[in-house]
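J.: The sequence isn't on hand, but the structure is:
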């Protein structure tokens, strides 16, 4: 019920949604020293036509080995991807990874043109991607835990859809950075959109925060809203099951 109330509050006071505070999770260096984020420059470099195979993104020292990249490539059927961040879940539980798929050449050109024109420019300390996944890696077993596209879904169903937040235009990709929370990876993401033939821009002024919900034992959107009386409500949000179509 709390999830439903938060969703209704957001839709009614869309202009009052605000960024998640830093106390919701720790920065990478403080919470998980081995959690390593790739810079935006790496993502842009990897999206160039000259990149072949798994060049875009590197092994995360101490967590993801170079040999793991070939396993990921085969199991996920991806030729080009980046391991943005990774964390160990425990000695027997394997590893959890954030994987980004590169923008198409057309999308990358749109982002570069927007940035060169002093319009929207992605966070230089983050990454850009066409699609993002959270993946569980245990030995040679690979399982996609969450897929982030126009809809964000896990094996249980839809977590949230951009349509639910009335974002305009078509989705070009995502700009984001990795975090750590509750022993898992977490993501702070801004959709990159294009309306008609206008330059690309951020789809929302407030990033979406995806993190582990210990009570629900799955990833969920962490939303904070403020009502007309300036009363703040923060809770995990997932689309209601009856809305999962």
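T.: Alright, I've got the coordinates. Remember, predicted model here, so these are calculated numbers, not experimental data. Numbering: from 1, shown residues only.

J.: drop to CA atoms for contacts and neighbour counts, all remaining ones
T.: Fine.

J.: From residue 127, how far out is residue 212?
T.: Residue 212 is 21 Å from residue 127, where distance means C-alpha to C-alpha, to the nearest Å.

J.: Have a look at those two and say which one is more surrounded.
T.: residue 127 (25 against 21; other C-alpha atoms under 10 Å).

J.: measure the more buried one to residue 238 for me?
T.: 25 Å.

J.: so where do the strands sit in this protein?
T.: Listed in chain order, the strands found in the chain under DSSP state E are 82-90, 94-101, 127-129, 131-138, 141-148, 151-154, 157-161, 170-181, 184-194, 201-202, 208-213, 218-226, 232-237.

J.: can you list those in a markdown table and add distance to residue 121 and mean pLDDT?
T.: Compiled in a markdown table, the strands of the chain are given as follows (distance: least, C-alpha to C-alpha, whole Å; pLDDT from 0 to 100):
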| stretch | distance to residue 121 | mean pLDDT |
| --- | --- | --- |
| strand 82-90 | 19 | 89 |
| strand 94-101 | 18 | 94 |
| strand 127-129 | 11 | 93 |
| strand 131-138 | 18 | 95 |
| strand 141-148 | 21 | 96 |
| strand 151-154 | 23 | 94 |
| strand 157-161 | 24 | 92 |
| strand 170-181 | 10 | 92 |
| strand 184-194 | 10 | 94 |
| strand 201-202 | 8 | 90 |
| strand 208-213 | 17 | 94 |
| strand 218-226 | 24 | 89 |
| strand 232-237 | 28 | 87 |
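
J.: Can you add distance to residue 65 and give the ones you listed back as JSON lines?
T.: Supplementary listing: the strands of the chain in JSON lines, determined by distance: least, C-alpha to C-alpha, whole Å:
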{"stretch": "strand 82-90", "distance to residue 65": "11"}
{"stretch": "strand 94-101", "distance to residue 65": "11"}
{"stretch": "strand 127-129", "distance to residue 65": "21"}
{"stretch": "strand 131-138", "distance to residue 65": "11"}
{"stretch": "strand 141-148", "distance to residue 65": "14"}
{"stretch": "strand 151-154", "distance to residue 65": "26"}
{"stretch": "strand 157-161", "distance to residue 65": "30"}
{"stretch": "strand 170-181", "distance to residue 65": "19"}
{"stretch": "strand 184-194", "distance to residue 65": "18"}
{"stretch": "strand 201-202", "distance to residue 65": "34"}
{"stretch": "strand 208-213", "distance to residue 65": "25"}
{"stretch": "strand 218-226", "distance to residue 65": "25"}
{"stretch": "strand 232-237", "distance to residue 65": "33"}
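
J.: can you tell which of those is closest to residue 61?
T.: Using C-alpha to C-alpha as the criterion, the shortest distance between residue 61 and those is 9.5 Å, found for strand 82-90.
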